[in-house]
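Novice: Attaching a predicted model along with its sequence, questions to come.
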Amino acid sequence: MTASLVPAEEVPFIWDEVAPHLEKAVKASRGKYEMSDALELVLFGQGHLWIGYDDETKQIDTAAITHFLEYPRKKVLFCLFVGSKAGTSCKDEMIAILKDWAHDNGCSTMEGIGRPGWSKYLKHYGGNKVSDLYEFDIEEY
């Protein structure tokens, strides 16, 4: 398994292979993003596309989009979207590479929003569930 950052200029050549892995995560944004928005983030340099590549099958089986957040006292690598094929073992390598890259870019923390199952999985890597996110749809009066 190989995990790597995809240069923005290479994204159009692999997007059709990457997009299916990210669709579920984008849909979980509840209308905040569509797939075209995720693509634009990466193409315009506001986000980073990461892939996990299976060396045996020669296929992409994991994808993630991250971006930097600057808080008043911390720089953070935020994992916006993550998706993979069931049974993929690349997650371990992906997390290690993301942590190293975040550190090399001056981040002191990685964070993200994910479905409930992620908190159990990420605990193995030192991840902590720090809050629950609440959302209210505001209807017109």
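Specialist: Here it is on my side, so go on. No experiment lies behind these values; they were computed from the predicted model shown.
Novice: rest of the way, CA atoms for contacts and neighbours
Specialist: Will do.
Novice: Tell me where this protein has strands.
Specialist: Ranges of strands in the chain, per DSSP state E, are 2-6, 48-54, 59-70, 75-84, 109-112.
Novice: Can you lay out these as a markdown table showing mean pLDDT?
Specialist: Listed next are these as a markdown table, based on pLDDT from 0 to 100:
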| stretch | mean pLDDT |
| --- | --- |
| strand 2-6 | 91 |
| strand 48-54 | 92 |
| strand 59-70 | 94 |
| strand 75-84 | 92 |
| strand 109-112 | 92 |
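Novice: I'd like these as CSV, with mean neighbour count and distance to residue 124 appended.
Specialist: Formatted as CSV, the strands of the chain follow (neighbours: other Cα atoms under 10 Å; distance: least, Cα to Cα, whole Å):
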stretch, mean neighbour count, distance to residue 124
strand 2-6, 17, 19
strand 48-54, 22, 19
strand 59-70, 20, 19
strand 75-84, 21, 17
strand 109-112, 16, 15
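Novice: Can I get the ones you listed in JSON lines including distance to residue 29?
Specialist: Listed next are the strands of the chain as JSON lines, based on distance: least, Cα to Cα, whole Å:
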{"stretch": "strand 2-6", "distance to residue 29": "23"}
{"stretch": "strand 48-54", "distance to residue 29": "17"}
{"stretch": "strand 59-70", "distance to residue 29": "13"}
{"stretch": "strand 75-84", "distance to residue 29": "9"}
{"stretch": "strand 109-112", "distance to residue 29": "12"}
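Novice: pLDDT score for residue 30?
Specialist: Looking at residue 30, its pLDDT reads 88.
Novice: List the contacts of it.
Specialist: Contacts for residue 30 were tallied using Cα atoms under 8 Å, 6 or more residues apart in numbering; there are none.
Novice: so who does the closest residue to residue 49 other than its chain neighbours touch?
Specialist: Leaving aside its sequence neighbours, residue 49 sits nearest to residue 65 (Cα to Cα, 6 or more residues apart in numbering; 4.7 Å). Listed by Cα under 8 Å, 6+ apart, the contact set of residue 65 reads 38, 42, 47, 48, 49, 50, 79, 80, 81, 82.
Novice: Now do stretch 134-141: distance to the chain's middle.
Specialist: 27 Å (Cα atoms, centre = their mean, to the nearest Å).
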